[in-house]
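Student: here is my input; please provide its structure:
(2 chains)
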Protein chains: 2
Amino acid sequence: MDKSSPPPSFAAIRAMLAEMPPPDLDAGAAAREREAQLTKPAGSLGRLEEIAEWLATWQGRHPPAVERPLAVVFAGNHGVVGQGISAFPQAVTAQMVANFQAGGAAVNQLCQTFGVGLKVYELALEHPTRDITGDAAMEEDDCAAIMIYGMEAVAEGPDLLCIGEMGIGNTTVAAAIAHALHGGRAEDWVGPGTGLDAGGVAHKAEVVRRALECHAGELDDPLEVLRRLGGREIAGMCGAILAARLARVPVLIDGYVASAAAAILHAADTGALDHCMAAHRSAEPAHGALLDRLGKRPILDLGMRLGEASGAVLAAATVMAAARVHAGMATFASAGVSGKEG
Amino acid sequence: MDKSSPPPSFAAIRAMLAEMPPPDLDAGAAAREREAQLTKPAGSLGRLEEIAEWLATWQGRHPPAVERPLAVVFAGNHGVVGQGISAFPQAVTAQMVANFQAGGAAVNQLCQTFGVGLKVYELALEHPTRDITGDAAMEEDDCAAIMIYGMEAVAEGPDLLCIGEMGIGNTTVAAAIAHALHGGRAEDWVGPGTGLDAGGVAHKAEVVRRALECHAGELDDPLEVLRRLGGREIAGMCGAILAARLARVPVLIDGYVASAAAAILHAADTGALDHCMAAHRSAEPAHGALLDRLGKRPILDLGMRLGEASGAVLAAATVMAAARVHAGMATFASAGVSGKEG
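Tutor: Presented below is the predicted three-dimensional model:
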């Protein structure tokens, strides 16, 4: 960075939030019009029809196409792990990043199955964010810089973006963010994560409660919620989702932690997720409630709770199918098929 | 057929039902054992883990693989269409078969998206089965011959079979079968099909009621339910599902009509569908109730109601992903990833 430029700040993020492009309603209307002519009873493809219209609306073209789908996985570490809120040691974050790079993780196999690209963003894993029960996770310049770094996710021109993460301890961070944004009790937003027992979940709720107490009175601004409760992979995902909106790339949000990142943007602007669909409903108990607050109905509900964009890539298969069906089917007229009677 | 052989009969079908192979519990156990070693928290892939074990159990091998998935679509016509129970004219069945052959239907695009083969079985469309409100749909030799013809579905050695159908009027037939097998009222089993309004649905229930009255006292034997209430595509699907069991090919059952075919086998032997999964829950209102009776939890729930194996092929993508993830992921040991603490 040029030494004369000011440090990255939330002002730059707010400026981008103010410039989000609206839906392309003409492309959406063209999708609806074509859908009515395809050789099937009206509405009989259910959510595939909704997905085709959503793709057209947010890609800003008709017919929509998914030919360069990309999964981005942001990885971060968290000081709050010192509070004993995860079933796995912090070293696993870096080990799993190495596993992604070696092709051994679930997301690698899913991406290979469906021809989805994969990029992994490793965010200073050797320097965990500060423990949110006693301090803000990040400074504003760090947080804004990571958001801007996350915007690289659309640099190579994907036409569908699957957003995911890896970070030991980050369901605690997600719970803290959801609690800060949506109220209720800490217990409403915590769950077993990678495998806590009931006592571990109760302790996790207590840690979330203490984090909220520590930052009480400072959580009115969603970007401040992000900065204080962290962590870096959440900031990276926020940047990626926002960049996708600016670049007209529809987004599939993975699980609970990715949804917490999305919730930051939604709290800043309730229209900020209109280009996003929820890929699936995670088995993490609070995910359904968080999706309800975001107004999102998940595509899949398979009891998955792995993160690493796994649910988003699996849902991408359905989105790719919706695009192919919409663009490739014959019409009643072209196929010589009789329409509905009466 | 050799003129000296006896006509096809249900005795041959019953003999096959008596010889269905059991699950390969060793292959299933091997899948569970490997699943526990893969680089992810236990259970975190949800139903993908269940699917991998199911594939191993019913393919009878570990690891399972899906490399030759096949969709089979059986098409038939129905005399009961004369009762005015469909929103589309009967000619559409043959027109859609031509559309399948030309590559213009939804199932063609879905098969192309996921590399699934497609075979269409056209069953004497010019000769609809008899109107079930006044007669049996078929004679036993016709019905048995079509079941045996349907067994051709596994001739080319698929390793996953997607079962679907096309037939104007066949949600009425499916409703009659479900009502005959599972009781309740006719209204419980009918729905809009390809697009009836409320009056049309009420009339459809009345037609189903009359069909059941016509065959009252003759519906204790599930194969007799099939013969009397028809139709040919249902018989073909029954044969295909049974043949898959005998050939150790796992099956994905598509929507309401395919589930009615499966229900015939289930009524004959409650274990006859153990090698099958329900691909999706159709928007046809009675499908969920029918799946409950069969003890099947659908993989997808996307409001689809098209038939033609469309839901099954879309679910096949998830099944293929489950197989790939299970076989291809690294283990904690091979990837050097730390396990759960404590």
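Student: tell me the contacts of the closest residue to A:G115 other than its chain neighbours?
Tutor: Spatial nearest neighbour of A:G115, chain neighbours left out: A:P69 (7.3 Å); criterion: C-beta to C-beta, 6 or more residues apart in numbering or on different chains. For every residue, glycine as well, the C-beta is placed using N, CA and C. Neighbour list for A:P69: A:F114, A:G115, A:V116, A:G117, A:P158, A:D159, A:L160, A:L161, A:C162, A:A316, A:V319, A:M320 [criterion: C-beta atoms under 8 Å, 6 or more residues apart in numbering or on different chains].
Student: as CSV, these with distance to A:N77 would be great.
Tutor: Output for the contacts of A:P69, formatted as CSV (distance: C-beta to C-beta, whole Å):
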residue, distance to A:N77
A:F114, 29
A:G115, 31
A:V116, 26
A:G117, 25
A:P158, 26
A:D159, 32
A:L160, 29
A:L161, 24
A:C162, 22
A:A316, 27
A:V319, 31
A:M320, 33
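Student: between those residues, which sits nearest chain B?
Tutor: Minimum separation from chain B among the contacts of A:P69 (C-beta to the nearest C-beta) is found for A:M320, which lies at 6.0 Å.
Student: on the three-state scheme, that closest one is what?
Tutor: Three-state call for A:M320 (DSSP: H, G, I helix; E, B strand; the rest coil): helix.
Student: surely it is in contact with B:T113?
Tutor: Yes - contact criterion C-beta atoms under 8 Å: A:M320 and B:T113 qualify, at 6.0 Å.
Student: what is the closest residue to A:M329 other than its chain neighbours paired to in the beta sheet?
Tutor: Nearest residue to A:M329, sequence neighbours excluded (C-beta to C-beta, 6+ apart): A:L38, at 4.5 Å. Beta-bridge partners of A:L38, counted by DSSP bridges, are A:T331.
Student: A:L38: what's it in contact with?
Tutor: Contacts of A:L38 by C-beta under 8 Å, 6+ apart are A:V325, A:H326, A:M329, A:A330, A:T331, A:F332, B:A106.
Student: before we move on, what about A:D26?
Tutor: A:H62.
Student: then A:P63?
Tutor: A:A30, A:A31, A:R34, A:A56, A:A323, A:H326, A:A327.
Student: then A:V190?
Tutor: By C-beta under 8 Å, 6+ apart, the contact set of A:V190 is A:T171, A:T172, A:A175, A:V201, A:K204, A:A205, A:V208, A:A286.
Student: could you count how many residues lie near the nearest residue in space to the third one that is not next to it in sequence?
Tutor: This means A:A175. Excluding the flanking residues, the one nearest A:A175 by C-beta to C-beta, 6+ apart is A:W189, at 4.0 Å. Neighbour count of A:W189, defined by other C-beta atoms under 10 Å in any protein chain shown: 30.
Student: and for A:A309?
Tutor: Count around A:A309 with other C-beta under 10 Å applied: 36.
Student: any idea how far the closest residue to it other than its chain neighbours is from B:R47?
Tutor: Sequence neighbours aside, A:G164 is the residue nearest to A:A309 in space, at 2.5 Å (criterion: C-beta to C-beta, 6+ apart). For A:G164, the distance to B:R47 equals 18 Å [C-beta to C-beta, to the nearest Å].
Student: now A:D301
Tutor: Distance, A:D301 to B:R47, by C-beta to C-beta: 9 Å.
Student: do A:G288 as well
Tutor: Here A:G288 is placed at a distance of 16 Å from B:R47 (C-beta to C-beta).
Student: OK, contacts around A:M329?
Tutor: With contact taken as C-beta under 8 Å, 6+ apart, A:M329 is in contact with A:L38, A:T39, A:K40, B:G104, B:A105, B:A106, B:N108, B:Q109.
Student: pretty sure the last one sits against A:R324.
Tutor: Looking back up the chat, that one is B:Q109. Yes - the criterion here is C-beta under 8 Å, and B:Q109 meets it with A:R324 at 4.7 Å.
Student: partner strands of the stretch of helix or strand A:L70 belongs to and their direction?
Tutor: Assessed by DSSP states H and E, A:L70 sits inside strand A:69-75. If you go by DSSP bridges, strand A:69-75 pairs up with strand A:117-122 (parallel), strand A:160-166 (parallel).
Student: quick check: bridge partners of the residue most central in space within chain A?
Tutor: The geometric centre of chain A, computed from its C-alpha atoms, lies nearest to A:I253 (C-alpha atoms, centre = their mean), at 3.2 Å. Residues in a beta bridge with A:I253, per DSSP bridges, are A:I163, A:A278.
Student: tell me which residues touch it, please.
Tutor: A:I163, A:I241, A:S259, A:A262, A:L273, A:C276, A:M277, A:A278, A:A279, A:K296, A:A312.
Student: would you turn these into TSV with pLDDT?
Tutor: Converted to TSV, the contacts of A:I253 look like this (pLDDT from 0 to 100):
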residue	pLDDT
A:I163	98
A:I241	98
A:S259	98
A:A262	98
A:L273	98
A:C276	98
A:M277	98
A:A278	98
A:A279	98
A:K296	98
A:A312	98
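Student: of all those, which two lie farthest apart?
Tutor: Longest distance between any two of the contacts of A:I253 is 14.0 Å, between A:L273 and A:A312; criterion C-beta to C-beta.
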